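Asker: test case, fold it:
(one chain, ligands or ions: 1)
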Amino acid sequence: MITLRLLRSTDRPALVELFDDPATRLWNPGPDDLDTWLGQMSVPAPDHRTWAVTDDHDRLLGVVSLFDLDPVARTAEIGFRVHPAARGRGVATAAVSVALAAQPGLTVRLLHAVENTASCRVAGACGFGPPELLPANWTYGDGRRHDEHRHLRYDD
Ligand SMILES: CC(C)(COP(=O)(O)OP(=O)(O)OC[C@H]1O[C@@H](n2cnc3c(N)ncnc32)[C@H](O)[C@@H]1OP(=O)(O)O)[C@@H](O)C(=O)NCCC(=O)NCCS
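Answerer: Residues are numbered from 1 along each chain as shown. The predicted structure is shown next:
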């Protein structure tokens, strides 16, 4: 059972662990300045929503964000990270599903490196369409440009 809530300063230690994790550093690196980021992400913005993903004891399991939210075009992009200790038990799939349900009516993009097969599985499980291949589309945490998949999910 997971819950989405706004981030709090008490999430900081778990966020440090999450952002220090090698897979996070490679596929979805954290901010240079965690405290500034935490302050900004703790407050919803017109074009951005970030939620803490927590368990029954309010422990931080990960974060999920809808960003580049365009309320006129009704589009957004989704990103997510799961704490290494919480991986492999459906947290990302559940968190993305809950975040999408919280903001209905959007066409949402999900982009990930082709090698990041877990994200591809999350996309499939959460109702996104098949991947479109974008060659050498993004520079990841290793400093190299990687081919990406872009998935779209429509919610009319
Ligand atoms: C990608 C990530 C969010 C997945 O989180 P998770 O909570 O472990 O994912 P889930 O448990 O919901 O699993 C989703 C699917 O991926 C599969 N999966 C999980 N980890 C995997 C791995 N390391 N390799 C291959 N498949 C994997 C699961 O089996 C599941 O597939 P299924 O539904 O067909 O059984 C997590 O590994 C992570 O935070 N990675 C670093 C940051 C990152 O890559 N963010 C996403 C950028 S787009």
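Asker: which helices and strands sit right next to the longest helix seen in the chain?
Answerer: In terms of residue count, the longest helix belonging to the chain (DSSP state H) is helix 91-102. Where contact means 3 or more C-beta pairs under 8 Å, 6 or more residues apart in numbering; DSSP states H and E, helix 91-102 is packed against strand 3-5, strand 48-54, strand 60-70, strand 75-82, helix 117-125. Quick note: C-beta positions are derived from backbone N, CA and C, even for glycine.
Asker: Leu61 contacts Trp51, correct?
Answerer: No. The pair Leu61 / Trp51 is not scored as a contact, 11.0 Å apart, by C-beta atoms under 8 Å.
Asker: need the residues touching each of those two.
Answerer: Taking C-beta atoms under 8 Å, 6 or more residues apart in numbering as the contact rule, Leu61 and Trp51 both touch Ala95.
Asker: who does Arg109 bridge with?
Answerer: Judged by DSSP bridges, the bridge partners of Arg109 are Glu77, Leu152.
Asker: what about the residue nearest the centre of the chain, distance to Asn137?
Answerer: By C-alpha atoms, centre = their mean, the mean C-alpha position of the chain lies nearest to Phe80, the distance being 1.6 Å. For Phe80, the distance to Asn137 equals 18 Å [C-beta to C-beta, to the nearest Å].
Asker: repeat that for Gly30.
Answerer: On the measure of C-beta to C-beta, Gly30 and Asn137 end up 21 Å apart.
Asker: picking that back up, can you add distance to Gln103 and mean pLDDT and give the helices and strands packed on helix 91-102 back as TSV?
Answerer: As requested, those are exported to TSV (distance: least, C-beta to C-beta, whole Å; pLDDT from 0 to 100):
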stretch	distance to Gln103	mean pLDDT
strand 3-5	11	98
strand 48-54	7	97
strand 60-70	6	98
strand 75-82	7	98
helix 117-125	17	98
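Asker: I'd like those written out as JSON lines, with distance to Arg89 added.
Answerer: As requested, these are arranged in JSON lines below (distance: least, C-beta to C-beta, whole Å):
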{"stretch": "strand 3-5", "distance to Arg89": "15"}
{"stretch": "strand 48-54", "distance to Arg89": "12"}
{"stretch": "strand 60-70", "distance to Arg89": "9"}
{"stretch": "strand 75-82", "distance to Arg89": "9"}
{"stretch": "helix 117-125", "distance to Arg89": "12"}
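Asker: kindly report the residues of this structure close to the ligand.
Answerer: 23-24, 27-28, 79-82, 87-93, 112, 116-119, 121-122, 125 (C-beta under 6 Å from any ligand atom).
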